[in-house]
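In: Need the 3D shape of this:
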Amino acid sequence: MKILKLAILAPVLLAACAKTPSSIAPVAVSSDEYAGKSCAALTTEYTSTIAKLEAAENKQKQAVAADAAGVFLVLIPPSALIGDSEADVALYKGEKIAIERALSNQGCTS
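Out: Below you'll find the predicted structure:
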């Protein structure tokens with residue numbers, strides 16, 4: 001009976017775990033937001049977005065590790081209670097793509 005309960009609970013607990021940064025899809029962000037900016041301004045924006053993305057990905061990786069330990073120790077993923085950085089990672093990935101598109105549309109070179 002305990003095995004049956006664990007078999008039922010395992011998928012629920014794993015579904016509540018934080019996703020790895022690489023498995024998070026980007027949010028759709030329009031490159032129109034960046035239209036009209038100079039190549040220098042776009043490059044600065046791109047650098048800032050990359051830094052924010054890296055910080056959010058590192059925070060998300062910590063949430064993944066904490067979830068693995070939490071599920072192992074107490075069968076509860078901490079991110080289910082305190083949240084993670086999935087939304088931030090998705091947003092910054094989307095912004096990165098939009099800025100890259102704007103850089104390309106304006107013929108900017110790195």
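
In: Give me the residue at the spatial middle of this structure.
Out: Centroid-nearest residue in the chain, with Cα atoms, centre = their mean: residue 89, separated by 2.3 Å.

In: Surely that residue and residue 24 touch.
Out: Yes: using Cβ atoms under 8 Å, residue 89 is in contact with residue 24, at 4.7 Å. C-beta coordinates here come from the backbone N, C-alpha and C atoms, glycine included.

In: Give the intersection of the neighbour lists for these two.
Out: Jointly contacting residue 89 and residue 24 under the rule Cβ atoms under 8 Å, 6 or more residues apart in numbering are residue 60.

In: Take the host helix or strand of residue 93, keep the C-alpha atoms, and write them as CSV.
Out: Applying DSSP states H and E as the criterion places residue 93 in helix 86-105. In CSV, the C-alpha atoms belonging to helix 86-105 read as follows (Å, rounded to 0.1, in the frame of the first residue of the first chain):
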residue,chain,number,x,y,z
GLU,A,86,11.1,30.5,-14.1
ALA,A,87,9.2,33.6,-15.1
ASP,A,88,12.3,35.7,-15.0
VAL,A,89,14.3,33.2,-17.1
ALA,A,90,11.5,33.1,-19.7
LEU,A,91,11.2,36.8,-19.9
TYR,A,92,15.0,37.5,-20.2
LYS,A,93,15.3,34.8,-22.8
GLY,A,94,12.5,36.4,-24.8
GLU,A,95,14.1,39.9,-24.4
LYS,A,96,17.5,38.5,-25.6
ILE,A,97,15.9,37.1,-28.7
ALA,A,98,14.0,40.3,-29.4
ILE,A,99,17.2,42.4,-29.0
GLU,A,100,19.1,40.0,-31.2
ARG,A,101,16.4,40.4,-33.9
ALA,A,102,16.5,44.2,-33.6
LEU,A,103,20.3,44.2,-33.9
SER,A,104,20.0,42.1,-37.0
ASN,A,105,17.2,44.2,-38.5
